[in-house]
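1. Sequence below, structure please.
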Amino acid sequence: MGIRNIKLTIQYDGINYHGWQFQPDKRTIEGELTRAICELIGRKIHVCGASRTDAGVSALGQAALIQIDSPIPTKNLARAITDRLPIDITVTEAVEVPFGLDIIGGAKRKLYRYTIYTALARPVLNRHCWHIPDKLNVESMKKAAALLVGTKDFKSFAAADDKRQETVRTLYRVDISSDNDYIFVDVEGNSFLYNMVRNIVGTLVESGVGRMKPEKITEILEAKDRRAAGPIAPPEGLCLIWIKYD
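-> Modelled structure (predicted):
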C-alpha cells in the first residue's frame, strides 16, 4: 500500500498525565498514543506532536503526524487507534496529508482557552479550572488583555528557564468572557513561548483582584523580565482548543 503521511487530531484530559512529551516511567499523552498505534499496526512508529502541552494541560484539538505502512484505511484509523487508548484520550480525525508538512513549524494559529471558576465552593464535578473563590473585575482584566494584542516581545511572560533567543510573538486576540461563576480567557496567536499563556492568565488575574492596574501590562512587556509579570496560573485550567494550518 505504501507509506502514508497521516495527520491526527487528538482530544485528551491531561490532568492524570505528565504532559504530552514522552518520558520514561511516566504516563504521557505521546507515550499512550505511540503504544496504541504500535499495538494496532504491529511495529514501532514515531509520533510527532504539534504542541508539547505541560503536565495537567488538556486539549480538544492537538495535532500529531505519523507515517505508517498499513492496510488499514485512513478513514478507519481514528476509531481503531482510539479503541486502544485510555478512556481520557481520543483520536477524533485521521487524514492523509502531503509529505513535507511541518506539524510544528507549519502551524499558523493556535487557540488556547483558560477557565477560571469564582464561586465560593470548589467545583467538584469540574477539575478543569482555576478555582478562585472571589469575584474578579472582568472589565479591568479586559483592559489589561487588550494591551497584549499584536506583535510584541513576550519575554516577560515566558518561563524563566526558557532559553529561546527569539521571544517576539503575535497575539491575534486575548478575549475574556464570563458565564455566571465562570470566566474564560481565550488566547489566539501564531505560536507561544513555554508557559506563556499561563503566565498571561496569572497576570490578568492580578488585575482582576485589584492588585495591578491594567496599564501595567505595558511596563511588564517593556521589562522583558519574567519577574515583572504576575504568578503562573495552574495547568488544570488550560486547554488547547485548535491548531490551524494553511
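2. Could you verify my assumption that Ile3 touches Ile45?
-> No - the pair formed by Ile3 and Ile45 falls short of the contact definition of Cβ atoms under 8 Å, at 10.5 Å. All C-beta spots, glycine's among them, are computed from the backbone N, C-alpha and C.
3. any common contacting residues for these two?
-> Residues touching both Ile3 and Ile45 by Cβ atoms under 8 Å, 6 or more residues apart in numbering: Gln67, Ile68.
4. Between the two, which is the more surrounded one?
-> Between Ile3 and Ile45, Ile45 has the larger neighbour count (other Cβ atoms under 10 Å), namely 16 against 10.
5. Just give the nearest non-adjacent residue to Thr53, would you?
-> Across the structure, with Cβ to Cβ, 6 or more residues apart in numbering as the measure, the residue nearest Thr53 apart from its sequence neighbours is Trp20 (4.6 Å).
6. quick one: average confidence on whichever helix or strand Ser207 is part of?
-> Here Ser207 sits within helix 196-208, counting by DSSP states H and E. Throughout helix 196-208, pLDDT has a mean value of 98.
7. Show me how far that helix is from its chain's centre.
-> Relative to its parent chain, helix 196-208 has a centroid offset of 15 Å by Cα atoms, centre = their mean, to the nearest Å.
8. before we move on, the earlier item: can you tell me how far the residue nearest to Thr53 sits from Ile10?
-> Summarising the geometry, the distance separating Trp20 from Ile10, computed by Cβ to Cβ, to the nearest Å, is 9 Å.
9. what is in contact with these two at once?
-> With contacts defined as Cβ under 8 Å, 6+ apart, the residues shared by Trp20 and Ile10 are Ile29, Gln62.
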